[in-house]
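Student: Curious how this folds, go ahead:
(one chain, ligands or ions: 1)
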Amino acid sequence: MTESFGARLHAATAARGPLCVGVDPHPGLLQAWGLPVTVAGLERFARTAVEALAPVVAAVKPQSAFFEAFGSAGVAVLERVLADVSAAGALTVLDVKRGDIGSTMDAYAQAYLSDGSPLAADAITVSPYLGFGSLQPAVDLALATGRGLFVLARTSNPEGAAVQDAVAGGRTVAQQVVDAAAEANRDRHPLGSIGVVVGATHADTGLDLSAVHGPVLAPGLGAQGATPDGLRAVFGDALPWVLPASSRDVLGHGPSVTALRDAAARTVDAVRAVLG
Ligand SMILES: O=C(O)c1cc(=O)[nH]c(=O)n1[C@@H]1O[C@H](COP(=O)(O)O)[C@@H](O)[C@H]1O
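Tutor: Below you'll find the model as predicted:
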């Protein structure tokens, strides 16, 4: 039987530390690395980041939009990134934030979560704001193929509050997302495969994460102001579920492979000191 994403992530973070590094090829970062803002520059950037990071961190999260911006040639670079990260032993979390009516969600699921698809990743980010139930085709396919989801619950940006902190039926919308993920993770050991996204940027998430039993992707370290030391105050008892994520703060140390790897190692050490 295929090993679940949750089990694979649990093993990867135990071996390499609890950190997901994002590969976000911002045009400004390409320029800072002395690269042209072209497909060739994108490819060099992505290959360097993968060479530096994929052999050492638990998970690598390419942000799809920065590749899509270059059209089909950029998407081809993304396909290569996904393959190379896997070959180097890290898990791939493709940040595409998909969410659609169920029948179309099924097509997205086939694109990103089915064996043999060129854009298949170990997990993808999805948006539940067409209703958590609309994600069911992705939940089903992820669980069937040993893959996972990270469902946006309380995002790192301040604008998220207007929707995610709204209260319906006595619970915030974000809490309802967390509870639905928890239900999908019930009885999955050692870790469920339906993760949630909760920004590390919040003073107080307002969430009860005690039953989530799946990974809590926590973006916002560095560039958005969150710090490893701050994770304890943000997540409290839920720290064991947390997978902190950082993109620009690490990528800014390129193009030196050594400097990128050192930056990732420093961040891993800092989050390990808090998460254990
Ligand atoms: O799903 C995500 O990855 C995500 C969710 C969220 O709430 N906030 C957030 O910043 N992200 C992504 O995480 C990355 C953060 O990048 P940095 O701010 O450079 O570390 C970006 O690719 C964002 O799109």
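
Student: from here on, contacts and neighbour counts on C-alpha atoms
Tutor: OK.

Student: Just list whatever residues bridge to the nearest residue to V242 once chain neighbours are set aside.
Tutor: Using C-alpha to C-alpha, 6 or more residues apart in numbering and skipping residues adjacent in sequence, the residue nearest V242 is V216, 4.6 Å away. As for beta bridges, V216 partners with V196, V242 under DSSP bridges.

Student: if I pick V216, what's in contact with it?
Tutor: Listed by C-alpha atoms under 8 Å, 6 or more residues apart in numbering, the contact partners of V216 are F150, G195, V196, V197, V198, W241, V242, L243.

Student: For the fourth one, give me its contacts.
Tutor: Listed by C-alpha under 8 Å, 6+ apart, the contact set of V197 reads F150, V151, L152, A153, R154, T155, V216, L217, A218, P219.

Student: what about 6 Å?
Tutor: Counting by C-alpha atoms under 6 Å, 6 or more residues apart in numbering, V197 makes contact with F150, V151, L152, A153, V216, L217.

Student: Alongside the ligand, which residues does the stretch 101-250 of the chain contribute?
Tutor: The stretch 101-250 of the chain has residues T125, T155, S156, G199, P219, G220, L221, A223, Q224, S246, S247, R248 near the ligand, with proximity defined as C-alpha under 6 Å from any ligand atom.

Student: Tell me how many other residues surround the residue of the stretch 101-250 of the chain found nearest the ligand.
Tutor: Proximity to the ligand, evaluated over the stretch 101-250 of the chain using C-alpha to the nearest ligand atom, is greatest for T155 at 3.2 Å. Neighbourhood size, T155 [other C-alpha atoms under 10 Å]: 24.

Student: Now it. Its backbone dihedrals?
Tutor: The phi/psi pair for T155 (degrees, to the nearest 10) reads phi -70, psi 160.

Student: the longest helix in this structure is where?
Tutor: When the chain is parsed with DSSP state H, its longest helix is helix 257-275.

Student: how distant is that helix from the center of its chain?
Tutor: Between the centre of helix 257-275 and the centre of its host chain there is 17 Å, according to C-alpha atoms, centre = their mean, to the nearest Å.

Student: ok, now stretch 233-248?
Tutor: Chain-centre distance of stretch 233-248: 12 Å, with C-alpha atoms, centre = their mean.

Student: Now tell me what touches that stretch from outside.
Tutor: Contacts to stretch 233-248, defined as C-alpha under 6 Å, 6+ apart, come from residues 18-22, 203-204, 209, 215-219, 221.

Student: now this protein, which segments are flagged as low pLDDT?
Tutor: The model of the chain has pLDDT under 70 over residues 1.

Student: Would you map the strands across it?
Tutor: For the chain, strands defined by DSSP state E occupy the ranges 20-23, 59-62, 91-98, 123-126, 148-154, 167-168, 171-172, 194-198, 216-219, 242-246.

Student: still on that earlier bit, narrow the contacts of V216 to just the buried residues.
Tutor: Buried subset of those (neighbour count, 16 or more other C-alpha atoms under 10 Å): F150, G195, V196, V197, V198, W241, V242, L243.
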